[in-house]
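Peer 1: Build me a structure from this.
(one chain, ligands or ions: 1)
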Amino acid sequence: MTESATFKHGDTELELPFVEAAQGNDGYDISKLLATTGNVTLDPGFVNTASCSSAITFIDGNAGVLQYRGYPIEQLASQATFLETSYLLIYGQLPTADELADFEHKVSDRMLLDERMRELYRMFPRGAHPMQVLSAGIMALGAFNRDNLDPHDDAQVEEATLRLIGSMPTLAAYAYKSSVGEPFMYPQKKLSYVENYLRLSFGTPVAEYEIDPAVVKAFETLFILHADHEQNCSTATVRMVGSSDANIYASMSAGVNALSGPLHGGANQAVLEMLVKLREDGLDAKTFMNQVKDKKSGVKLMGFGHRVYKNYDPRARIIKSHVDELLRNSSKSNALLDLALELEDTALSDEYFIERKLYPNVDFYTGLIYEAMGFPANYFTALFALGRLPGWIAQWREEHADPKRKIGRPRQIYIGETERDYVPITER
Ligand code: CMC
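Peer 2: This is a model prediction of the structure:
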């Protein structure tokens with residue numbers, strides 16, 4: 001059907017123009033609804049509402065398909081690098097070898113932070129959550145880059161894009177270093193983006209950091225898998241903040257905050273904590289699953305379910321295929337991996353999960369990998385943020401390039417008190 005729809009209410013009729021998608025859900029344009037009928041739509045959680053048109057990422061949640069700019073995630077994860085994927089998301093096409101070399105060079109030039117930012121990081125208390133520190137770090141980065149805050153100046157936006165991508169590994173690694181009280185390392189120009197990130201996180205001034213190519217490859221893949229996911233909670237937040245003409249640093253910092261919640265990116269931390277607790281309590285998969293199915297318990301199987309995927313999350317499928325190989329040297333993580341595999345098997349054959357089409361999402365297995373690599377659980381979501389940054393930037397730039405852009409300002413249906421008179425405090 002490529003026809004418009006008609007909305008009828010009493011004597012009022014409104015034609016809702018058909019909006020055709022390149023693939024996936026088509027839509028209806030309801031922008032004249034309020035002016036014509038005096039009424040608004042109500043859609044909690046935006047389950048049915050497209051907040052924008054976008055040419056960046058496509059998901060078919062029923063088929064388990066994810067594409068960046070048309071390229072299947074499986075091809076990018078196995079063949080591209082993270083910076084190549086970032087370029088694709090931000091500029092719309094795969095870079096040539098020269099374009100990629102130029103991009104890598106510019107990003108590498110911006111990994112070193114202003115020295116005073118290191119002082120700032122020293123102020124955070126030991127044990128502060130790295131997502132709080134990362135969000136503050138991105139805001140501070142904006143304060144140190146006051147000459148590229150204007151969202152209407154293309155050259156400034158380009159500089160801020162490179163500055164953010166270049167500085168993010170340093171900011172994320174310093175968030176980790178400050179939480180564990182270790183000295184901060186400086187980035188090195190001779191290292192790649194991911195190599196630098198690993199050395200900034202795990203290197204110390206007292207010993208040479210040995211780079212493991214298998215770990216570098218794993219992180220290239222993991223960051224690519226997280227790089228964009230269309231209009232999820234943090235991306236919608238980035239666009240919402242950006243819509244007010246707030247600068248790009250403020251928007252990215254807001255994205256980090258939205259991502260930190262356990263229903264979104266914070267689920268990777270929550271999954272590991274769930275597995276550790278189950279192991280400590282000696283609870284078997286079946287008993288735990290009964291708790292999950294009992295709505296009164298408030299217990300969820302973290303790392304399962306997704307608003308859009310009603311099939312296996314393709315990102316989880318790719319991660320699962322690497323998990324065995326990456327964890328084979330870690331006996332501790334293998335015990336948790338066995339438990340995760342058991343939970344997945346139990347869930348996938350359980351009527352509750354089948355009926356609701358609940359499958360493992362990207363966060364179900366990532367925590368196990370991060371833990372095996374030595375990251376503490378509360379740092380996992382910062383890794384998600386590092387991966388997601390190019391997607392947020394691409395979405396922010398797409399929003400700003402749209403000539404029909406409007407400030408995001410939802411309506412409401414008011415259900416509070418109607419007008420009443422003020423009562424002086426002595427008479428209440
Ligand atoms: N464990 C148990 N029941 C669940 C779960 C779960 N993980 N996820 C959904 N359900 C149930 C939910 O209770 C509801 O049941 P009923 O129809 O009886 O009320 C039904 O499945 C539909 O779920 P919903 O909460 O209406 O779905 P949603 O689209 O609003 O929420 C979600 C999606 C991801 C927030 C949710 O599935 C969830 O809380 N999952 C656990 C947290 C998690 O893993 N989050 C990471 C998401 S992927 C990474 C990212 O991009 O953020």
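
Peer 1: When you work out contacts or count neighbours from here on, use the C-alpha atoms and nothing else.
Peer 2: OK.

Peer 1: Which residue ranges of the stretch 201-350 of the chain form helices?
Peer 2: 213-226, 233-242, 248-259, 267-281, 285-293, 314-327, 331-348 (DSSP state H, counting those that start in this stretch).

Peer 1: Quick check: phi and psi on Pro72?
Peer 2: phi -60, psi 140 (degrees, to the nearest 10).

Peer 1: and the closest residue to it other than its chain neighbours, what does it touch?
Peer 2: Distances taken as CA to CA, 6 or more residues apart in numbering put Leu66 closest to Pro72, at 6.1 Å, once the chain neighbours are dropped. Listed by CA atoms under 8 Å, 6 or more residues apart in numbering, the contact partners of Leu66 are 57-60, 72-73, 314.

Peer 1: Nearest to Ala21 among the helices of the stretch 201-350 of the chain would be which one?
Peer 2: Among the helices of the stretch 201-350 of the chain, helix 233-242 comes nearest to Ala21, with 19.2 Å by CA to CA.

Peer 1: now the closest one and helix 248-259, what's the angle there?
Peer 2: For helix 233-242 against helix 248-259, the angle by axes from the mean of the first three to the mean of the last three CA atoms, to 10 degrees is 150 degrees.

Peer 1: what's in contact with helix 233-242?
Peer 2: Here helix 233-242 has contacts from 248, 250-252, 254-259, 264, 391-392, 395-396, 399-400, 407-408, using CA under 8 Å, 6+ apart.

Peer 1: Okay, domains of this structure per the record?
Peer 2: 5-50, 73-264+378-401, 266-373 (the TED database).

Peer 1: Can you convert these into JSON lines and add a column each for distance to Ile413?
Peer 2: Output for the domains of the chain, formatted as JSON lines (distance: least, CA to CA, whole Å):
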{"stretch": "domain 5-50", "distance to Ile413": "8"}
{"stretch": "domain 73-264+378-401", "distance to Ile413": "20"}
{"stretch": "domain 266-373", "distance to Ile413": "24"}
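
Peer 1: sorry, back to before: sort out which of the contacts of Leu66 are in helices and list them.
Peer 2: Members of the contacts of Leu66 lying in helices (criterion: DSSP state H): 73, 314.

Peer 1: Now that we have the contacts of Leu66, which of them are buried?
Peer 2: 57-60, 72-73, 314 (16 or more other CA atoms under 10 Å).

Peer 1: interface residues of the protein facing the ligand?
Peer 2: By CA under 6 Å from any ligand atom, the residues of the chain that approach the ligand are 263-265, 267, 292, 300-307, 356, 361-363.

Peer 1: and among the domains of the chain, the most buried is which?
Peer 2: Among those, ranked by average contacts under mean count of other CA atoms under 10 Å, first place goes to domain 73-264+378-401 (a mean of 20).

Peer 1: Ends of it, what's the gap?
Peer 2: Start-to-end span of domain 73-264+378-401 (CA to CA, to the nearest Å) is 25 Å.

Peer 1: Stretch 326-335 too?
Peer 2: Termini of stretch 326-335 sit 14 Å apart (CA to CA).

Peer 1: again with stretch 225-245
Peer 2: OK, stretch 225-245 end separation, CA to CA: 29 Å.

Peer 1: My guess is Ala173 contacts Thr204. True?
Peer 2: No. Proximity of Ala173 to Thr204 does not meet the contact threshold set by CA atoms under 8 Å, at 12.0 Å.

Peer 1: Show me what the lengthiest helix in the chain packs onto, helices and strands only.
Peer 2: Secondary structure of the chain per DSSP H: the longest helix is helix 154-180. In terms of contacts (3 or more CA pairs under 8 Å, 6 or more residues apart in numbering; DSSP states H and E), helix 154-180 is packed against helix 97-108, helix 115-122, helix 130-143, helix 193-202, helix 248-259, helix 380-401.

Peer 1: swap the cut-off to 6 Å and go again
Peer 2: Helices and strands touching helix 154-180, as assessed by 3 or more CA pairs under 6 Å, 6 or more residues apart in numbering; DSSP states H and E, comprise helix 97-108, helix 130-143, helix 193-202.

Peer 1: Tell me if the residue nearest to Pro72 really is in a strand.
Peer 2: Yes. According to DSSP: H, G, I helix; E, B strand; the rest coil, Leu66 belongs to a strand.

Peer 1: does it have beta-bridge partners, and which?
Peer 2: Beta-bridge partners recorded for Leu66 (DSSP bridges): Ile59.

Peer 1: Could you check how far it is from Ile59?
Peer 2: 5 Å.

Peer 1: Give me the three-state assignment for Lys404.
Peer 2: coil.

Peer 1: quick one on the thing from earlier: of the contacts of Leu66, closest to Leu327?
Peer 2: Among the contacts of Leu66, Pro314 lies closest to Leu327 (CA to CA), at 20.2 Å.

Peer 1: Which residues lie in contact with the closest one in this structure?
Peer 2: The neighbourhood of Pro314, defined by CA atoms under 6 Å, 6 or more residues apart in numbering, consists of Gly64.

Peer 1: just to revisit the earlier point, how about TSV for the helices and strands packed on helix 154-180, with mean pLDDT and distance to Glu20 added?
Peer 2: Shown next, in TSV, are the helices and strands packed on helix 154-180 (pLDDT from 0 to 100; distance: least, CA to CA, whole Å):
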stretch	mean pLDDT	distance to Glu20
helix 97-108	98	33
helix 130-143	97	37
helix 193-202	97	39
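
Peer 1: Could you point out which of those sits nearest Ile165?
Peer 2: helix 97-108 (6.5 Å).

Peer 1: what distance separates that closest one from the centre of its chain?
Peer 2: Helix 97-108 sits 24 Å away from the centroid of its parent chain (CA atoms, centre = their mean, to the nearest Å).

Peer 1: what about Ser178, distance to the ligand?
Peer 2: Note on Ser178: its distance to the ligand, by CA to the nearest ligand atom, to the nearest Å, is 26 Å.

Peer 1: Quick one: residues in contact with stretch 388-402.
Peer 2: Stretch 388-402 is contacted by residues 86, 89-90, 226-228, 235, 239 when judged by CA under 6 Å, 6+ apart.

Peer 1: And those, which is closest to the ligand?
Peer 2: His226 (8.3 Å; CA to the nearest ligand atom).

Peer 1: can I assume that closest one is in contact with Gly387?
Peer 2: Yes. Between His226 and Gly387 there is a contact under CA atoms under 6 Å: 5.1 Å.

Peer 1: can you pull the contacts of Tyr309?
Peer 2: Gly61.
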